[in-house]
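# give me coordinates for this.
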Amino acid sequence: MQPRLYRSRSDVMLGGVCAGLAAYFGLDVTLVRIIFVLMALGTGFGVFLYLLLWIVVPAEGAAPAASGQGVGGEMADRARDFGKEVSGALSRPNPRMGAFFGVALIVLGLIWLANSLDVPWLRWLDFDILWPVLLIVGGVAVILRRVRGN
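Next up is the predicted model:
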């Protein structure tokens, strides 16, 4: 039986999308979260993709949809559940989420500050170069981890 993609209910910061993707692909959940943050900050696509996956991917342990319900009814149920989950996530935020985004904001602030100082040996620090380099380094780290069997 093929493994299925689910949103995690145990390792949740917002909707469990990143933890579900990490479990499905055998990756570290922190790496997946960093990739989503970079995509959100770089182009904004990460926010759209996360929300789309939050709606489309079923929660871990969710009952399969009834066969007579149809695609429209199933999507309506998922959209209704999504609304409930968003209101729950906003009313009871995960404490780890604040720390994660705090660190991300500090790192981004340091990068922007270093870029603004116009120090000659920091001129290589350009966002047009930095994002692709970070993605390449992340990809290499994932491949090396898979090759080593971790």
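
# and R7, what are its phi and psi?
Dihedral angles of R7 (phi, psi; degrees, to the nearest 10) stand at phi -80, psi 140.

# count the residues that sit near it.
Other residues within reach of R7 by the criterion other CB atoms under 10 Å amount to 24. Every residue, glycine included, has its C-beta placed from N, CA and C.

# from A99, how far off is it?
Using CB to CB, to the nearest Å, one gets 21 Å for the distance from R7 to A99.

# then P132?
Taking CB to CB as the measure, P132 and A99 are separated by 27 Å.

# repeat that for F36.
As judged by CB to CB, F36 and A99 stand 16 Å apart.

# next: I34.
As defined by CB to CB, I34 lies at a distance of 14 Å from A99.

# of those two, who's got more company?
When I34 is set against A99 and neighbours are counted by other CB under 10 Å, the residue ahead is I34, at 18 against 10.

# pretty sure that one is touching V137, no?
No. The pair I34 and V137 does not pass the contact test of CB atoms under 8 Å, sitting 10.7 Å apart.

# ranges for the helices of this structure?
Assigned helices in the chain, in chain order: 17-25, 29-42, 45-56, 70-91, 95-116, 127-148 (criterion: DSSP state H).
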